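Asker: Provided below for reference: sequence and predicted model.
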Amino acid sequence: MPSFVLKTNLARSAIPKDFLTETSKLVADILGKPEGYVCVCVEPDVLMTYGGSDAPCCLIHLMSIGKLGLEENKGHTAAICEHVKKHLNIPGDRLYVNFHDAARQDVGRDGTTFAK
């Protein structure tokens, strides 16, 4: 159920082929969730600026049911920033990570929700 959406002004050609699969593994690892539930979406070529500059930047939205919070998000941010710097060469001061701790009833899959 975790989803990771990254919007960036980088061209599609600048996104490494393995970025999505490596990001999927990262999200599963940092959240302690099965990778089979992780969805990663990358939107390149977005018209965007950060701090008034059109240098490479990105916005990231990470949604999960649980495993997010005050202390957890600090660690998640560190891991995500390192990953984005390594694979996309976007420094941590040129991105934001927005976290959404979703309620089970607010996430649907396979004709139902995760609410028991």
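Answerer: Right, received. Where do you want to start?

Asker: longest helix of this protein?
Answerer: helix 70-88 (DSSP state H).

Asker: tilt between the next helix or strand after it and helix 70-88?
Answerer: Remark: after helix 70-88, the chain's next helix or strand is strand 95-101, criterion DSSP states H and E. With axes from the mean of the first three to the mean of the last three C-alpha atoms, to 10 degrees as the basis, strand 95-101 and helix 70-88 are set at 140 degrees to each other.

Asker: what is the longest helix of the chain packed up against?
Answerer: helix 19-31, strand 58-64, strand 95-101 (3 or more C-beta pairs under 8 Å, 6 or more residues apart in numbering; DSSP states H and E). The C-beta positions use only the backbone N, C-alpha and C, and glycine is treated the same way.

Asker: could you say which one of these comes nearest to residue 74?
Answerer: strand 95-101 (10.5 Å; C-beta to C-beta).

Asker: buried set for stretch 68-75?
Answerer: 68, 72, 73 (16 or more other C-beta atoms under 10 Å).

Asker: what's near enough to touch residue 89?
Answerer: Neighbour list for residue 89: residue 56 [criterion: C-beta atoms under 8 Å, 6 or more residues apart in numbering].

Asker: could you report the separation of it from residue 7?
Answerer: 16 Å (C-beta to C-beta, to the nearest Å).

Asker: looking at the helices and strands packed on helix 70-88, which is nearest to residue 39?
Answerer: helix 19-31 (8.2 Å).

Asker: sorry, back to before: could you export the helices and strands packed on helix 70-88 as a markdown table, including mean pLDDT, distance to residue 51 and mean neighbour count?
Answerer: Converted to a markdown table, those look like this (pLDDT from 0 to 100; distance: least, C-beta to C-beta, whole Å; neighbours: other C-beta atoms under 10 Å):
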| stretch | mean pLDDT | distance to residue 51 | mean neighbour count |
| --- | --- | --- | --- |
| helix 19-31 | 98 | 24 | 18 |
| strand 58-64 | 98 | 13 | 20 |
| strand 95-101 | 98 | 11 | 15 |
